[in-house]
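Trainee: here's a sequence, model it:
(one chain, ligands or ions: 1)
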Amino acid sequence: MALRKPLCLPSLLLLLLLLLLLLPQADTRSFVVDWNQDRFLLDGVPFRYVSGSLHYFRVPRVLWADRLFKMRMSGLNAVQFYVPWNYHEPEPGVYNFNGSRDLIAFLNEASIANLLVILRPGPYICAEWEMGGLPAWLLRKPNVRLRTSDPDFLAAVDSWFKVLLPKIYPWLYHNGGNIISIQVENEYGSYRACDISYMRHLAGLFRALLGEEILLFTTDGPEGLKCGSLEGLYTTVDFGPADNMTKIFALQREYEPHGPLVNSEYYTGWLDYWGQNHSTRSITDVTRGLENMLKLGASVNMYMFHGGTNFGYWNGADEKGHFLPITTSYDYDAPISEAGDVTPKLFALRNVISQDRGFMLYRTYLMYPVFEPTQFWVPNNGVHDRAYVMVDGVFQGVLERNMKHKLFLTGKMGATVDVLLENMGRLSFGSNYSDFKGLLEPPILGQTILTHWLMFPLEVDKLVKWWFPPQLLKNSRPQIPSGPIFYSTTFSILDSGGDTFLFLPGWTKGQVWINGFNLGRYWTKRGPQQTLYVPRPLLFPTGSLNKITLLELENVPPQPEIQFLDSPILNSTLHKTYIYSLSADTQSDSEPMELSGH
Ligand SMILES: CCCCNC(=S)N1C[C@H](O)[C@@H](O)[C@@H](O)[C@H]1CO
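Mentor: Sure, this is the predicted structure:
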């Protein structure tokens, strides 16, 4: 048993105000492949996208924000979409980027929805869109060989991309935008031409107009990888729920032995032809397939997440022995219906994507001023389990399951109302194992049900592990702020100490990480545990800097102190035995009765 010597940090108060500011500067923005660990890195942090396809050209501009918002609230972190050449260049040299063709406006709406972008500008896009996105005026040269290095075809392609690609250049992620990757052509390996000069020409044009940094990729089905892939472009695959994921990802590995597994089109439904049955894909099959891919750490784009409509004459067609025009509806049996409705498939997919533990942030805005302190509460004991309430970032107090049901707040019109919701662990014994977490009901302010809540699962551990949170407590502040705040500092071990016990006198409640390892919850104010066990192997050897990060959820004393003791305090006399009584009316506030500690 390792000797437990006290790890004495500097005797005086350990100032928690040391913090390395690692804010990603605009010039350090990056989205790259980590070839050593077979993953993507976003600003140097491991990243996996869970994306959905939405085609702006199939949705009226006034509805873009609604659809993108629903995708974000489904837990997606990226949106993938094509750019149909024929939608923007109706005649040679005539361009239209206005109204529902305003590509930049759509990129901006995606940014507002906090969605990264995977862009697929073609020139061919397939997509059940008229001529796969190629302008019909190309056929005025009847002998043109589409999707090849035919000079007439390439001349038109070059002219188009020299207009389009400079428009999107500022939107590349490393330039401050949200486009993290760009696809070259579309399932080229499924096309009979197999013209490598054409693919090389496109790759060269994209590099010339977009630079060397942006990640360029290709997408093909399992049969198309040979002619669809190209050196210098990251090879990705596409397949649906009924396909053999293991086999197809193994095929991708033949072209990309390292780097992340990527399914660029995971089919959530399917297209419809006039005269045939509406296509559907079962929720069970679609969610199971997604779950299996996410377990592998793959990045996935769900095709389609919202299908929309082939307005006007924009539908495409297929030929399978006979001519098969595509229907006007592009509902695709997608998670968001053609009319924008959320569906059971969306909720099922959201459950697969969502997190199980930790913290959730709920945000809404006051639609009217609240001048007098007004009761804020959640009906039916609906806080599962603790809610830290802020108005415009100012801490208002805590609501707690079975204990504290209401608080009073004021706020100006338009004020942000944030509820940081902590899951304190699911029931492991008792009558009800379905211990759902979160805000189980919309909160009520006075007599008004607050609606339109944004919900953000907070990947706090990733934040802590890969990035110091900004220093929120400045020396210059007149008083110690309260409410959820990160504190972080570093320390080194003075000698060859052993295991130890972290003690946080005066702190209230929160979470603590040491060297990125989530040590667990502390609740000094409530006890009986006052110390957290710190296994020696978590600590770096003498002379190396250890990093400790704390998320204090309520209040920290003016002179916060961190101590490492040589023995635990698990039976604190500081705490008082709480007997919680729930009055008949569970809405009234039953302050716990405090008895003297034993
Ligand atoms: C009937 C197969 C039609 C070919 N298209 C296929 S496999 N697909 C892949 C293609 O990349 C995409 O644009 C869509 O067209 C999708 C079907 O929704």
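Trainee: look at the residue of the chain found nearest the ligand and report its pLDDT.
Mentor: Nearest residue of the chain to the ligand, counting by Cβ to the nearest ligand atom: residue 126, 3.5 Å away. For glycine as for every other residue, the C-beta is placed from the backbone atoms N, C-alpha and C. Looking at residue 126, its pLDDT is 98.
Trainee: likewise for residue 464?
Mentor: On pLDDT, residue 464 comes in at 83.
Trainee: ok, it touching residue 514?
Mentor: No - the pair residue 464 / residue 514 is not scored as a contact, 10.1 Å apart, by Cβ atoms under 8 Å.
Trainee: got the contact list for the residue minimising distance to the centre of the chain?
Mentor: With distances taken as Cα atoms, centre = their mean, residue 77 lies nearest the centre of the chain, 3.6 Å away. Contacts for residue 77 (Cβ atoms under 8 Å, 6 or more residues apart in numbering) come out as 49, 50, 51, 114, 115, 116.
Trainee: 10 Å - rerun?
Mentor: 42, 47-52, 71, 114-116, 180, 299, 353, 459 (Cβ atoms under 10 Å, 6 or more residues apart in numbering).
Trainee: lowest average confidence, helix or strand, in this protein?
Mentor: In the chain, no helix or strand scores lower on mean pLDDT, DSSP states H and E than strand 593-595, which sits at a mean of 38.
Trainee: most neighbours among the contacts of residue 77, which one is it?
Mentor: For the contacts of residue 77, the largest number of neighbours (other Cβ atoms under 10 Å) sits with residue 52, at 33 neighbours.
Trainee: shaky segments in this protein?
Mentor: Across the chain, the ranges flagged by pLDDT under 70 are 1-27, 466-480, 496, 573-598.
Trainee: what segments of the stretch 51-200 of the chain are strands?
Mentor: 78-82, 116-120, 179-183 (DSSP state E, counting those that start in this stretch).
Trainee: got these as JSON lines, with distance to residue 275 columns?
Mentor: Formatted as JSON lines, the strands of the stretch 51-200 of the chain follow (distance: least, Cβ to Cβ, whole Å):
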{"stretch": "strand 78-82", "distance to residue 275": "26"}
{"stretch": "strand 116-120", "distance to residue 275": "29"}
{"stretch": "strand 179-183", "distance to residue 275": "32"}
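Trainee: now tabulate those strands in a markdown table and tack on distance to the ligand.
Mentor: A markdown table is the format used below for those (distance: least, Cβ to the nearest ligand atom, whole Å):
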| stretch | distance to the ligand |
| --- | --- |
| strand 78-82 | 7 |
| strand 116-120 | 8 |
| strand 179-183 | 9 |
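Trainee: which of those strands sits closest to residue 321?
Mentor: Of all those, it is strand 78-82 that lies closest to residue 321, at 26.9 Å by Cβ to Cβ.
Trainee: which helices and strands does that closest one pack with?
Mentor: strand 50-54, helix 61-73, helix 103-112, strand 116-120, strand 179-183, strand 299-306 (3 or more Cβ pairs under 10 Å, 6 or more residues apart in numbering; DSSP states H and E).
Trainee: mind putting those into a markdown table with distance to residue 492?
Mentor: Shown next, in a markdown table, are those (distance: least, Cβ to Cβ, whole Å):
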| stretch | distance to residue 492 |
| --- | --- |
| strand 50-54 | 39 |
| helix 61-73 | 42 |
| helix 103-112 | 42 |
| strand 116-120 | 38 |
| strand 179-183 | 38 |
| strand 299-306 | 38 |
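Trainee: where does residue 324 land in three-state SS?
Mentor: The three-state assignment at residue 324 reads strand, by DSSP: H, G, I helix; E, B strand; the rest coil.
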